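K.L.:
Here is my input; please provide its structure:
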Amino acid sequence: MPGGRLTQQERQQIALGLADNLAYAEIARRLDRPTSTVTREVMRNGGPTSYRADLAHRATEQRTRRRAPGAPRPQGAVPQAHGRDPEAVRAYEEVLTTVLMASGTPKMMARVLACLYITDSGSLTAAELAQRLQVSPASISKAIAFLDQQGLVRRERDDRRRERYVVDDDVWYQSMVASARGTAQLATTARDGVAVLGTGTPAGTRLENIARFVDFVSESIVRAAEQARDILHTKPADG
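P.N.:
Below is the predicted model:
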């Protein structure tokens with residue numbers, strides 16, 4: 001399997017594969033590259049709908065020039081348990097970060113969240129996050145404030161009275177329910193518009209339909225989250 005950076009020809013093949021609606025795994029198989037390499041390449045260069053080989057190649061060259069020669073990769077120095085390959089872990093963390101960014105999470109917040117997700121404890125202090133991500137404590141503080149507000153992390157104190165930031169089994173449930181309830185506010189606002197614009201008018205009908213749609217989707221998400229909540233507490237099988 002070839003290693004090293006993607007060539008311009010490989011990026012053109014990725015663009016062609018995306019145009020043909022091929023899965024990342026199939027594109028990677030045709031290039032004899034890891035799927036994570038293709039996923040990371042696409043997500044950091046516009047996503048599947050905006051990826052362009054020439055722009056991606058130029059952006060990579062610019063990033064390479066900006067990178068300090070011989071600078072160590074922070075994650076490569078982090079000890080890995082369970083016999084994990086440090087380089088594979090680092091690459092996966094980058095893929096997870098870019099996917100979170102594509103879903104709308106700001107970059108630093110996505111980096112912090114990904115860093116927490118891949119720890120077995122699901123818990124790190126601000127100092128540990130700053131060291132792993134090689135960023136300032138202020139950047140960590142800002143990211144945590146955003147993630148806390150979104151219900152994606154929680155804070156707790158350890159036995160040394162240090163504040164730790166935690167992603168636990170229920171974080172995604174709480175976040176999804178909060179998001180659904182927040183979206184439901186749109187339904188209320190849409191119905192307020194019906195009262196202003198008039199029931200039965202084209203604009204009023206449009207807003208009423210929006211309200212009904214949002215109500216249905218929000219209620220469905222909350223119901224599905226309740227039904228699937230136990231999945232988040234499933235423990236790994238022995239063996």
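K.L.:
so which strand or helix has the most centrally placed residue in the chain?
P.N.:
By C-alpha atoms, centre = their mean, the chain has its centre lying nearest to residue 100, at 1.3 Å. Secondary structure from DSSP states H and E places residue 100 in helix 86-102.
K.L.:
ok so, going back, in this structure the residue nearest to the centre of the chain contacts residue 110, no?
P.N.:
Yes: if you go by C-beta atoms under 8 Å, residue 100 and residue 110 touch, sitting 3.8 Å apart. Any C-beta I mention is one placed from the backbone N, CA and C, and that applies to glycine too.
K.L.:
check contacts around residue 14.
P.N.:
Going by C-beta atoms under 8 Å, 6 or more residues apart in numbering, residue 14 touches 6, 27, 31, 38, 41, 42, 51, 53.
K.L.:
which residues sit in contact with residue 95?
P.N.:
Residue 95 touches 36, 39, 40, 43, counting by C-beta under 8 Å, 6+ apart.
K.L.:
again, only using 10 Å
P.N.:
Contact analysis of residue 95 by C-beta atoms under 10 Å, 6 or more residues apart in numbering lists 24, 34-44, 114.
K.L.:
The protein: helices as residue ranges?
P.N.:
Using DSSP state H, the helices of the chain run over residues 8-19, 24-31, 35-43, 53-66, 86-102, 107-117, 126-133, 137-149, 171-197, 202-228.
K.L.:
Compare these and report which one is nearest to residue 163.
P.N.:
The closest of the helices of the chain to residue 163 is helix 126-133. By C-beta to C-beta, the value is 6.9 Å.
K.L.:
Show me what the closest one is in contact with.
P.N.:
By C-beta under 10 Å, 6+ apart, the list of residues contacting helix 126-133 reads 74-75, 77-78, 93, 97, 108, 111-112, 114-116, 118-119, 124-125, 135-141, 143-144, 162-165.
K.L.:
hmm, which of those residues are the buried ones?
P.N.:
Buried subset of these (neighbour count, 16 or more other C-beta atoms under 10 Å): 75, 78, 93, 97, 108, 111-112, 114-116, 118, 124, 135, 139-140, 143-144, 164-165.
K.L.:
So what touches the lowest-mean-pLDDT helix or strand in the chain?
P.N.:
Sorting the helices and strands of the chain by mean pLDDT, DSSP states H and E puts helix 53-66 at the bottom, at a mean of 77. Identification of contacts with helix 53-66 by C-beta under 10 Å, 6+ apart yields 5-16, 18, 41-42, 44-46, 52.
K.L.:
Give the ChimeraX command for selecting the buried subset of those.
P.N.:
Filtering the contacts of helix 53-66 down to the buried ones (16+ other C-beta under 10 Å) takes a single ChimeraX command:
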select :6,10,11,13,14,15,18,41,42,44,45
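K.L.:
that older thread, of all the contacts of residue 14, which two lie farthest apart?
P.N.:
31 and 51 (14.3 Å).
K.L.:
Can you pull out the low-pLDDT segments for the protein?
P.N.:
Scanning the chain for pLDDT under 70 picks out 1-3, 63-79, 236-239.
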